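Undergrad: need a 3D model of the sequence below.
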Amino acid sequence: MKILWLDDEIDLLKPHIMFLEEQGMKVIGIDHPLKALEIAKSEDFDVILIDYKMPQISGIEFAREIKKLHPNVPLVLITMVQDKEVMDEAYSIDVFDYLVKPVQPSQILAVLRKLEKDKIKNRAETRRILNYYNAINSLGNDWKDWLEKGRLLFHWMVESPEDELLKEELKTKNQDFATWVMRKYPELLNTPEVPFIFRIFQNHVFPLLKNGERVTLIVFDNFRFDQALELSKAIPSGYNVEIHPIFSVLPTATQFARNSLFSGHTPYDTERRNPGWTRDNLHEKELLEQNLIENGFKNLPHVIKKINSLDAFKQEIFDAGLPLEIYVINFFDMIFHLREAESPLRGLIENAEDYVKLCKFLLESSNFLEKLHTPNIIITTDHGWVKGEKPVVIQGGMETTEGLRFKFGDSLKALEGKPIELMDLKKFGIPQIARMLFLAKGYDFFVYKSDPGKYKKRYMGGLFHGGLSIEEMIIPLIRLKRRLS
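TA: Residues are numbered from 1 along each chain as shown. You can find the predicted model right below:
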């Protein structure tokens, strides 16, 4: 490690320098800031130690000049007193650490060791990020590749949520994903191998029931893949765990996605068979009954329960003793929507990270995983969500439906921005509720032309679902199988 040490009394520090050199460090000691700046112009250093109080200029002034030359070099400030104002000023220019005189050689060594550890950690972090980036960009463009891209992006999100490359990659991949979905979605709906949400019962539940095994299905409303990865860390050790990415349906809204899950059909076919039922989620039991009868389980004892509050979630025992038990956890979505309303939650949940942390805390504090005893447990969701970052200004008639990420209407028109416009909804497995459908892509959200400034301000940074993005459409399916003792 190469060190530049600036102190106007550097001669008194020769024992310290000798100690560091015995530890394998190369130390250049300088007693004048101008000399130190000249050396720094021609040489690189791993760290620079700076005396705060010098007769020529202060250590803070010197640090600012060094940052102009070497923005990323770590600086350690050495002061006479532990003054709060000095510390605040130091950290404002990104000082790595500070020490208070009289300084012992062992203290300096400890700071340098900490710096080395941080560098090793940063190098490992960089390698991990590049591994994700390279793996994602090595994949092709079929449905399996997109599910794998989504899985890798969510793992990256959990490990490095603030990484700038991740944010750019999500934006780029969401553009590509929207283009791909619009081109391939009708074909995918008719390809039996593609794991859509409406095939969960066919692919995962019914085979177990046919073998005489009990199954518990837990459906979290509005629950992303990264949240499922966090949840999986708390799963009891008595289960084998598999986490698979699957596709939700368009629009990625509860009345379409969850009805599709229980009916075993696309939203279009669900509406065709039961007119009006995709306008809400009041017929999930009836849709499940139809699905069971169609697949030979007419007399199967089962239960489906909706849990709409945290108290009910904590009190639920999750063990009705039946072959098929289904629990729909609604209160996450309620928290999600309350956050957008005028409520105390707007202060509690200021961004997406706050929402994820709150959901994680509620799940961990409930201990619900400890209550699960069924041999086979399946955990999934109806759709994910995104943070709104870019308003799209639209106009429409009185018949236009509500929703910040999707709009049905007969006279929709985009005035600013480019939504996805669909006319042949049947082709995309969507009920023909109106003449056309607007879907927001990426991180867009819709505002009306009547007062766009007001609604931009209100909804910017909000958490939404219903549109077309990786975060909303690639959803988790967790399979738990109890290990044989």
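Undergrad: when you work out contacts or count neighbours from here on, use the C-alpha atoms and nothing else.
TA: Noted.
Undergrad: the stretch 101-250 of the chain: helices as residue ranges?
TA: Here the stretch 101-250 of the chain has its helices, by DSSP state H, counting those that start in this stretch, at 105-137, 143-159, 164-189, 200, 206-210, 225-232.
Undergrad: now what about stretch 423-439, what contacts it?
TA: 185-186, 189, 250-251, 266-269, 271-272, 405-412, 419-422, 466-468 (CA atoms under 8 Å, 6 or more residues apart in numbering).
Undergrad: again, only using 7 Å
TA: Outside stretch 423-439, the residues that touch it by CA atoms under 7 Å, 6 or more residues apart in numbering are 185-186, 266-268, 271, 405-410, 419-422, 467-468.
Undergrad: ok, stretch 252-264 next?
TA: By CA under 7 Å, 6+ apart, stretch 252-264 touches 197-201, 248-249, 266-267, 270, 278-281, 284, 287-288, 290-291, 382-383, 465-467, 472-473.
Undergrad: kindly give a single PyMOL line that selects the buried subset of these.
TA: Remark: buried members of those, expressed as a PyMOL selection using 16 or more other CA atoms under 10 Å:
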select buried, resi 197+198+199+200+201+248+249+266+267+270+278+284+287+288+290+291+382+383+465+466+467+472+473
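Undergrad: tell me which of the contacts of stretch 252-264 fall in strands.
TA: Among the contacts of stretch 252-264, none falls in strands (DSSP state E).
Undergrad: distance of the closest residue in space to Trp277 that isn't next to it in sequence relative to Asn299?
TA: Residue nearest to Trp277 in three dimensions, not counting chain neighbours: Glu271, with 6.1 Å by CA to CA, 6 or more residues apart in numbering. Look at Glu271 and Asn299: by CA to CA, to the nearest Å, they are 25 Å apart.
Undergrad: swap in Ile307?
TA: Taking CA to CA, one finds Ile307 at 25 Å from Asn299.
Undergrad: neighbouring contacts of stretch 383-397?
TA: Contacts of stretch 383-397 (CA under 7 Å, 6+ apart): 222-224, 248, 252-253, 257, 352, 409, 411-417, 443-449, 452, 456, 460-465, 471-473, 475.
Undergrad: please list all residues in contact with Lys26.
TA: Lys26 sits in contact with 1-3, where contact means CA under 7 Å, 6+ apart.
Undergrad: those residues into CSV, with extra columns for pLDDT?
TA: Conversion of the contacts of Lys26 to CSV gives the following (pLDDT from 0 to 100):
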residue, pLDDT
Met1, 83
Lys2, 90
Ile3, 90
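Undergrad: low-confidence regions, the stretch 301-450 of the chain specifically.
TA: Within the stretch 301-450 of the chain, the stretches with pLDDT under 70 are 333-334, 336-351.
Undergrad: thought Phe45 was touching Ile3, still the case?
TA: Yes: using CA atoms under 7 Å, Ile3 is in contact with Phe45, at 5.7 Å.
Undergrad: that older thread, and Glu271 and Asn299? Which one has more around it.
TA: Taking neighbours as other CA atoms under 10 Å, Glu271 and Asn299 compare with Glu271 leading, 22 against 9.
Undergrad: ok so, going back, buried subset of the contacts of stretch 383-397, written for ChimeraX?
TA: The ChimeraX selection below is limited to those of the contacts of stretch 383-397 classed as buried (16+ other CA under 10 Å):
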select :222,223,224,248,252,253,257,352,409,412,413,414,443,444,445,446,447,448,449,452,456,461,462,463,464,465,471,472,473,475
